[in-house]
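[1] Sharing a model that was predicted from the sequence below.
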2 protein chains.
Amino acid sequence: MGLSQAVKAIKANGLTVTGLCRGGFFSAKDWKDDNLRAIEEAHTLGAPALILVVGGMPDGSRDLAGARQKIRDSIFEILPFARKAGIPLAIEPLHPMQVARAAVNTLEQALDMCDALGEGVGVAVDVYHVWWDPKLKGQIERAGKRVLGYHICDWLPATSDFFNDRGMMGDGIIDLPLIGSWVEAAGYKGFQEVEIFSERDWWQRDPDEVLEICKQRT
Amino acid sequence: MGLSQAVKAIKANGLTVTGLCRGGFFSAKDWKDDNLRAIEEAHTLGAPALILVVGGMPDGSRDLAGARQKIRDSIFEILPFARKAGIPLAIEPLHPMQVARAAVNTLEQALDMCDALGEGVGVAVDVYHVWWDPKLKGQIERAGKRVLGYHICDWLPATSDFFNDRGMMGDGIIDLPLIGSWVEAAGYKGFQEVEIFSERDWWQRDPDEVLEICKQRT
């Protein structure tokens, strides 16, 4: 519907924008234009943060350290524009199994980047990507107010796909109340965003039913 | 063929046992008997180490920290037997996507356990499980002589299975010479063990062909 139409529809329906997803993909050719546009859109939408899905290794590359350096350098380059627009950038660590697509893979690594980059950069915590991490509790504490988004779903023990087989909260093995308590203790006061990529189950159902179950489970 | 027959066959054919895989699975009911038997077998086979695939969360559990504590406690319990038999125990961190099955998931976490347990415990480094880790180089340095095994294969960018879709060295995106140089610098002088779980490709081929290609690629 385009940006201005979207802004009107959001206002007319009393909705809150919880974040704009996504910026990032710094391995793409047009990454800079793409991210500057996303910062502008986030500003226009009144989003509290722009989520960065950072991108990974270019096709044929084996240079993982180089991909990570490129991500840091690229955020450094767009950061002045984000600060000027008043849009915090939220680096979202993605699961290590997705490293080729997104080369920031732990909260510790994301926060090391935040420390290096300074004001205006934080993290998005998605349980699907980080719940396995033995250092999770300590790194959420370390993040503190830099937690800019909190995404929930569940990990199905018999998961069958690297991307689109997430579970509804309660159907898997993530201790969501525990992780939620850490995020709350860190000072996060924003929404819990339900994000369930689910080719074989939830995407097949009636959206109203899905929303009803989401509400019951949180 | 049974243990004594195996020992004879290995000797008769001039083979070297590079390690016994596996002990571990501490979430199983009979874990202690199973591990004491594995220690005895490793001793009889002349294996330089017993590889521990540590096991994960019991069915229906959401207690990941508890599973990890159980692993530490169990290794503590079998360690005196391993020391007496002269068999070092090698904790193998498994990929975070396999956390429900094996709850040690980074080299740092494995080495923290080694530090707590003391003499007689080290790690097995399998590139498939650890190549994504931003702290890999530093943790291999930290491991030093405690690297008791080095397993190689490759990560296919379009991998389609959580267990059995590994690639032949050179067919994926892991920088094997780089990681190999870190392992060598740490003081590891053992074999490179080729371990390619591959339902759809390498397990379908003639074993002689597979061995020939392994040799070409290393």
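    Ah, there it is. Residues are numbered from 1 along each chain as shown, chains lettered A, B, ... in the order given.
[2] Contacts (any at all) between chain B and stretch A:180-193?
    No. Figure legend: stretch A:180-193 not in contact with chain B (C-beta under 8 Å from any C-beta of the partner chain); closest approach 12.0 Å. C-beta: built from backbone N, CA, C; applies to glycine.
[3] which outside residues touch that stretch?
    A:16, A:18-19, A:48, A:125, A:136-137, A:140-141, A:143-145, A:147-152, A:218 (C-beta atoms under 8 Å, 6 or more residues apart in numbering or on different chains).
[4] From start to finish, how long is it in a straight line?
    This stretch, stretch A:180-193, spans 12 Å end to end (C-alpha to C-alpha, to the nearest Å).
[5] in that stretch, what's buried?
    A:G180, A:W182, A:V183, A:A186, A:Y188, A:Q192, A:E193 (16 or more other C-beta atoms under 10 Å in any protein chain shown).
[6] Chain B contacts on chain A?
    A:57, A:59, A:61-64, A:68, A:95-97, A:99-100, A:105-106, A:108-109, A:131-135, A:155, A:157, A:159-160, A:162, A:173-175.
[7] shaky segments in chain A?
    Applying pLDDT under 70 to chain A picks out no residues at all.
[8] quick one, helices of it?
    Secondary structure of chain A (DSSP state H): helices at A:3-12, A:31-45, A:64-85, A:107-117, A:127-130, A:136-143, A:176-185, A:207-217.
[9] Let me know which of the ones you listed is tucked in deepest.
    With neighbours taken as mean count of other C-beta atoms under 10 Å in any protein chain shown, the helices of chain A reach their highest mean count in helix A:127-130, at a mean of 24.
[10] before we move on, back to that, filter the residues of chain A next to chain B down to the buried ones.
    A:57, A:62, A:64, A:68, A:95-97, A:99-100, A:105-106, A:108-109, A:131-135, A:155, A:157, A:159, A:162, A:173-174.
[11] which of the contacts of stretch A:180-193 count as buried?
    Here, 16+ other C-beta under 10 Å leaves A:18-19, A:48, A:125, A:136-137, A:140, A:143, A:147-152 buried among these.
[12] Out of those residues, which sit inside strands?
    Applying DSSP state E to the buried ones among the contacts of stretch A:180-193, the entries found in strands are A:V125, A:V147, A:L148, A:G149, A:Y150, A:H151, A:I152.
[13] so which two of those are the farthest from each other?
    A:L148 and A:I152 (15.0 Å; C-beta to C-beta).
[14] picking that back up, which one of the buried residues of stretch A:180-193 is nearest to A:A42?
    A:E193 (15.0 Å).
[15] For that closest one, give its distance to chain B.
    Between A:E193 and chain B the computed distance is 21 Å (C-beta to the nearest C-beta, to the nearest Å).
[16] Same list, the buried residues of stretch A:180-193, but as CSV with distance to A:I39 please.
    Shown next, in CSV, are these (distance: C-beta to C-beta, whole Å):
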residue, distance to A:I39
A:G180, 29
A:W182, 29
A:V183, 25
A:A186, 25
A:Y188, 22
A:Q192, 25
A:E193, 20
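[17] Nearest to A:K29 among these?
    A:E193 (29.5 Å).
[18] can you pull up the bridge partners for that closest one?
    A:H151 (DSSP bridges).
[19] what about A:G118, how many neighbours?
    Using other C-beta atoms under 10 Å in any protein chain shown, A:G118 is surrounded by 10 other residues.
[20] nearest residue to it other than its sequence neighbours?
    Spatial nearest neighbour of A:G118, excluding adjacent residues (C-beta to C-beta, 6 or more residues apart in numbering or on different chains): A:L79 at 8.0 Å.
[21] what sits against that neighbour?
    Here A:L79 is in contact with A:L89, A:L117, A:G118, A:G120, A:V121 (C-beta under 8 Å, 6+ apart).
[22] you'd agree the first one is up against A:L52?
    Spelled out, that is A:L89. Yes. Between A:L89 and A:L52 there is a contact under C-beta atoms under 8 Å: 5.7 Å.
[23] Common neighbours of those two, please.
    A:G23, A:I75.
[24] Tell me who's in contact with the nearest residue to A:A102 once chain neighbours are set aside.
    Nearest residue to A:A102, sequence neighbours excluded (C-beta to C-beta, 6+ apart): A:L94, at 3.8 Å. Residues near A:L94 by C-beta under 8 Å, 6+ apart: A:V53, A:V54, A:R101, A:A102, A:V104, A:N105, A:D126, A:H129.
[25] What's the separation between A:L94 and chain B?
    10 Å.
[26] first to last residue in stretch A:199-214, what's the distance?
    17 Å.
[27] starting at the chain centroid, how far to it?
    21 Å (C-alpha atoms, centre = their mean, to the nearest Å).
[28] Ok, stretch A:79-91 next?
    15 Å.
[29] Extract the C-alpha set from that stretch and format it as PDB.
    The C-alpha coordinates for stretch A:79-91 follow below in PDB (Å, rounded to 0.1, in the frame of the first residue of the first chain):
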ATOM      1  CA  LEU A  79      24.800   5.200  12.100                       C
ATOM      2  CA  PRO A  80      25.100   9.000  11.700                       C
ATOM      3  CA  PHE A  81      21.900   8.900   9.600                       C
ATOM      4  CA  ALA A  82      20.100   6.800  12.100                       C
ATOM      5  CA  ARG A  83      21.100   9.000  15.000                       C
ATOM      6  CA  LYS A  84      20.000  12.100  13.100                       C
ATOM      7  CA  ALA A  85      16.600  10.500  12.400                       C
ATOM      8  CA  GLY A  86      16.300   9.400  16.100                       C
ATOM      9  CA  ILE A  87      16.000   5.700  15.100                       C
ATOM     10  CA  PRO A  88      18.000   3.300  17.200                       C
ATOM     11  CA  LEU A  89      19.500   0.400  15.200                       C
ATOM     12  CA  ALA A  90      18.800  -3.100  16.700                       C
ATOM     13  CA  ILE A  91      21.300  -5.800  15.700                       C
END
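[30] residue contacts, the closest residue to A:P88 other than its chain neighbours?
    The shortest distance from A:P88 to any non-neighbouring residue, by C-beta to C-beta, 6+ apart, is to A:A49 (4.7 Å). Counting by C-beta under 8 Å, 6+ apart, A:A49 touches A:G19, A:L20, A:A42, A:I87, A:P88, A:L89, A:A90, A:G122, A:A124, A:L148, A:G149.
[31] Can you tell me which of the residues you listed comes closest to B:D33?
    Among the contacts of A:A49, and counting by C-beta to C-beta, the member closest to B:D33 is A:A124, at 45.9 Å.
[32] ok now do the closest one, which residues does it touch?
    A:G19, A:A49, A:I51, A:A90, A:I91, A:E92, A:V147, A:L148, A:G149, A:Y150, A:H151 are the contacts of A:A124 under C-beta under 8 Å, 6+ apart.
[33] Thank you kindly, that will do.
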